[in-house]
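[1] Kindly return the folded structure for what I paste below:
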Amino acid sequence: MHATLDHVMMRVEDLEESLEFYQDHLGYVEHGRWDADTFTNVHLGPEDKHEDGATLELTYNHDDRSYEMGDGWGHIAVRVEDVKEAYDELMDAGVEDYRPPEENPGYAFVKDPDGHEIEIVERDFGARWSIDHTMIRVEDADAALGYWTRKFEYEHTGRWEADTFANYFMTPEDAAREEMALELTYNYDGRSYDLGDAWGHLAVRVDDLQDGWESLMEREAEDYRDPESCDNRYAFTKDQDGHEIEVIER
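    Below you'll find the predicted structure:
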């Protein structure tokens, strides 16, 4: 089962403000929109994103609710050729100064209007500002690595082990460099996390929804929202820490 990381969903409190942020500062365009009675979903990304490149899904609920960020989700990371140049560009445009590259050689961070963290990383491939990876925090590194290996056949493609934490990068086998990767962050101090509700889910794209779901059930993934309960349009499972994973068909 090849499961490309298709998008990451985050919830926003002011859709127009969020659209303005991502369109004006990152040059994103709409790649899809679903206007329902109670919510609106908008998929954003660079105009020239790779065919297997990921999008950012903004979800706006029409009831004016607010959200808690939690700490079980970390950030999305976007690609640029020069981190300092890109960061200075954002600062000149009025984006709030959060974690400049002077503090973090090789990368930097900003926040969107709702407080979702955006890492800026240097890459020599992919469209400018395209999504490089999404980071989630896990409570058991062995369990998390085993989950993505067994359930989705992902490969361990990179790691960074520091004194107090480790980062592990996971991608599908034979993934294009331009695809979004998953970064698992494991802190050694045994802490637990609150998922909050400002982040929604990761989505993986499979060739056939029913076949993909049956494979996940055979591999003992959580039966959270099966295809039938979602009008056979998509389905949802959860990882070992409760992060929601949407399964959609190509």
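[2] And the residue of the chain most remote from its centre, its phi and psi?
    Farthest-out residue of the chain from its mean C-alpha position, per CA atoms, centre = their mean: residue 92, at 26.5 Å. With angles defined as degrees, to the nearest 10, residue 92 sits at phi -60, psi -30.
[3] Likewise for residue 26?
    Torsion angles at residue 26 (phi, psi; degrees, to the nearest 10) stand at phi -110, psi 0.
[4] what's the distance between residue 8 and residue 38?
    For residue 8, the distance to residue 38 (CB to CB, to the nearest Å) stands at 22 Å. Yep, even glycine has a C-beta here, placed from its N, CA and C like the rest.
[5] So for these two, which sits in the more crowded spot?
    residue 8 (25 against 7; other CB atoms under 10 Å).
[6] Name all residues that make contact with that one.
    54, 56-57, 76, 131, 134, 180, 199, 201-203 (CB atoms under 8 Å, 6 or more residues apart in numbering).
[7] all strands for the chain, in order.
    Taking DSSP state E as the criterion, the chain carries its strands at 4-11, 28-35, 39-46, 55-61, 73-80, 107-111, 117-122, 131-138, 154-161, 165-172, 181-187, 199-206, 234-238, 244-249.
[8] Quick check: which of those is nearest to residue 86?
    In terms of CB to CB, the element of those nearest to residue 86 is strand 73-80, at 4.0 Å.
[9] Please write out the alpha-carbon positions of that closest one in PDB.
    What follows is strand 73-80, C-alpha atoms only, in PDB (Å, rounded to 0.1, in the frame of the first residue of the first chain):
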ATOM      1  CA  TRP A  73       1.300  18.700  17.200                       C
ATOM      2  CA  GLY A  74       4.400  20.700  16.400                       C
ATOM      3  CA  HIS A  75       4.600  22.500  13.100                       C
ATOM      4  CA  ILE A  76       4.700  22.400   9.400                       C
ATOM      5  CA  ALA A  77       8.000  23.200   7.600                       C
ATOM      6  CA  VAL A  78       8.300  25.000   4.300                       C
ATOM      7  CA  ARG A  79      11.100  25.000   1.800                       C
ATOM      8  CA  VAL A  80      13.200  28.000   0.700                       C
END
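[10] Please name the strands paired to it in the sheet, noting orientation.
    strand 117-122 (parallel), strand 131-138 (antiparallel) (DSSP bridges).
[11] Check the average confidence over that strand, would you?
    Taken as a whole, strand 73-80 has a mean pLDDT of 98.
[12] That one to strand 28-35, inter-axis angle?
    Calculated by axes from the mean of the first three to the mean of the last three CA atoms, to 10 degrees, strand 73-80 forms an angle of 140 degrees with strand 28-35.
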